[in-house]
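Novice: Pasted the sequence and its predicted model underneath.
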Amino acid sequence: MKLGLAIWAFWALGGVGTSVAQVPASVPADATAQDQTTTLRVGTSIVLVPALVTTKNGQPVFTLTADDFGLWDDGVQQKLRLEEDADKQPVALVIVVEAGGEGATHLDDYAAIGPMIDQLVGSVEHTVAVVGFDSEAALVQPFTSDLNKAEQAVYGIGPGDGKAAMVDALGFSVDLLKKQPPKYRRMILTLTETHDHGSHLKVADAVRAVSDTNTAIYSFAFSSTKADAKEEANGFSSSEPGPAHGCFSREWTGDPTRQPSVASQDYDCLAELAPPLRLARIAFIAATGALKKNVPETVAHLTGGEYYSFSNRKTLEKGLQELANHIPNRYMLSFHPQNPHPGFHSVVLQLKDRPNLKVAAWTSYWVEGTD
């Protein structure tokens, strides 16, 4: 790796897709968020779902209860409970910085993250690591509670080579977080372009990797302009609008700066409309297709994080300020899955009779079999 500074590279590519954090087969009904991950085994009795509710203009909403939400696991509605004091849980954050490819032209913009780190982790116990990547991913700053060290690590990253192996870097970062104590809320914040260039980790393994953990991924991305950033897969997305006022319609009545992408909209529509018996499989295929089109947006969608586009330091600062306001204002919901079959589970979380509000939560989790 050629990041312009001495760094510690220790992780072998390709391994993260098969690493699995295990939780006990039986979990008390009153278990708190700090005792769980979203990698589950058959027989596990509780699943945790962090969720952000906002107005169409992006303002957080604080006053809802569990009865205001409806959740379907592979098409089967679940009974929800609201966990208290989730915002007091310690935070483990990995900041992922693209130094290769077109990321080298945005190194000065990335400096916006430095003064914001303390607002992102809040006033709770915390630990922060910094990962840089070009054709390879490497640990620039090991986990530390000293935010000045994390800030200086971001400032110290120099230009990398011509590649941007973003999927590998995400796998690298997920693997780092899995080694942290389970008491931590796990977060990844990425500063990247939209398309991957040069990863070795298979797309399906990447989807599983981000579904194997309770990590929320918050993505900040600038548009890729390389020729090979064209549509790379025949997924479910289409630029053609559906019927007026329907799920696949391209109409948008909210804030024009917050309009979802075509890929994100189609993914949500599939989750609503697919027959339950095929839902998990279709959602998995849709996720792998979307990942090839826009990596940071897709992983943010899958993990219940947030996606922001930026073009310069000013627009990055604006997005970071908004995210810092959202992170401590999330609901932590939980449910006992009625059918925790092995493999990929598609999750749909909706609000009841709240048409003017928007909810964001992770859309999948992975159940590991006993074999």
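Specialist: Now that the structure is in, tell me what you want to look at. Numbers count the residues shown, from 1 in each chain.
Novice: Alpha carbons of the helix or strand encompassing L139, as PDB, please.
Specialist: Taking DSSP states H and E as the definition, L139 sits inside strand 137-144. Provided in PDB are the C-alpha atoms of strand 137-144 (Å, rounded to 0.1, in the frame of the first residue of the first chain):
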ATOM      1  CA  ALA A 137      -6.500  -1.500   3.300                       C
ATOM      2  CA  ALA A 138      -4.300  -0.800   6.300                       C
ATOM      3  CA  LEU A 139      -4.600   0.300   9.900                       C
ATOM      4  CA  VAL A 140      -3.400   3.900  10.200                       C
ATOM      5  CA  GLN A 141      -4.400   4.400  13.800                       C
ATOM      6  CA  PRO A 142      -5.200   1.400  16.100                       C
ATOM      7  CA  PHE A 143      -8.200   1.900  18.400                       C
ATOM      8  CA  THR A 144      -7.600   4.700  20.900                       C
END
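Novice: Test my guess that K149 contacts Q141.
Specialist: Yes. K149 is within contact range of Q141, at 6.0 Å (criterion: Cβ atoms under 8 Å). Quick note: C-beta positions are derived from backbone N, CA and C, even for glycine.
Novice: between those two, who's got more neighbours?
Specialist: Q141 (23 against 13; other Cβ atoms under 10 Å).
Novice: For that one, which non-adjacent residue is closest in space?
Specialist: Spatial nearest neighbour of Q141, excluding adjacent residues (Cβ to Cβ, 6 or more residues apart in numbering): A153 at 3.5 Å.
Novice: Counting by contacts, list what the strand holding L139 packs against.
Specialist: strand 126-133, helix 147-155, helix 166-178 (3 or more Cβ pairs under 8 Å, 6 or more residues apart in numbering; DSSP states H and E).
Novice: Do you know the pLDDT at the closest residue in space to G198 that isn't next to it in sequence?
Specialist: Distances taken as Cβ to Cβ, 6+ apart place K163 nearest to G198, at 3.7 Å, with adjacent residues excluded. In this model, K163 is scored at 92, pLDDT.
Novice: Could you count how many residues lie near K163?
Specialist: Neighbour number of K163 under other Cβ under 10 Å is 20.
Novice: before we move on, what about the one 10 residues further on?
Specialist: Under the neighbour criterion other Cβ under 10 Å, S173 is assigned a count of 29.
Novice: residues touching it, list them.
Specialist: With contact set as Cβ atoms under 8 Å, 6 or more residues apart in numbering, S173 has these partners: 94, 96, 131, 137, 188.
Novice: now T63: how far from N329?
Specialist: Distance, T63 to N329, by Cβ to Cβ, to the nearest Å: 11 Å.
Novice: Could I get the contacting residues of R354?
Specialist: By Cβ under 8 Å, 6+ apart, the contact set of R354 is D68.
Novice: about what we covered before: identify the farthest-apart pair in the contacts of S173.
Specialist: A137 and I188 (12.0 Å; Cβ to Cβ).
Novice: Neighbouring strands of the helix or strand harbouring S219 in the sheet, and parallel or not?
Specialist: Using DSSP H and E, S219 sits within strand 215-222. Here strand 215-222 has these sheet partners by DSSP bridges: strand 185-193 (parallel), strand 307-309 (parallel).
Novice: If you count contacts, what does the very next helix or strand once past the last one end up packed against?
Specialist: Pointing back at strand 307-309 there. Sequence order places helix 313-326 as the next helix or strand after strand 307-309, per DSSP H and E. Judged by 3+ Cβ pairs under 8 Å, 6+ apart, the packing partners of helix 313-326 are helix 107-110, helix 117-121, strand 215-222, strand 307-309.
Novice: Any buried residues in helix 313-326, and which?
Specialist: If you call a residue buried by 16 or more other Cβ atoms under 10 Å, then helix 313-326 has these buried ones: 315-317, 319-320, 322-324, 326.
Novice: just curious, which of these is nearest to V47?
Specialist: Out of the buried residues of helix 313-326, the member with the shortest distance to V47 (by Cβ to Cβ) is H326, at 22.0 Å.
Novice: got a list of what that closest one touches?
Specialist: Counting by Cβ under 8 Å, 6+ apart, H326 makes contact with 52, 54, 60, 306.
Novice: So what touches stretch 99-108?
Specialist: Contacts to stretch 99-108, defined as Cβ under 8 Å, 6+ apart, come from residues 2-4, 97-98, 132-135, 157-165, 191-193, 197, 222, 224-226, 313.
Novice: And the pLDDT for D87?
Specialist: Value for D87, per-residue pLDDT: 70.
Novice: V367 and H341 touch, don't they?
Specialist: Yes. At 6.4 Å, V367 counts as touching H341 under the criterion of Cβ under 8 Å.
Novice: Neighbour count: the two, which is higher?
Specialist: V367 (21 against 12).
Novice: Just list whatever residues bridge to that one.
Specialist: V367 forms beta bridges with L40, G343, as assigned by DSSP bridges.
Novice: hang on, the earlier thing: who has more neighbours, T63 and N329?
Specialist: N329 (14 against 6).
Novice: residues in contact with that one?
Specialist: Neighbouring residues of N329 by Cβ under 8 Å, 6+ apart: 52, 60, 62, 87.
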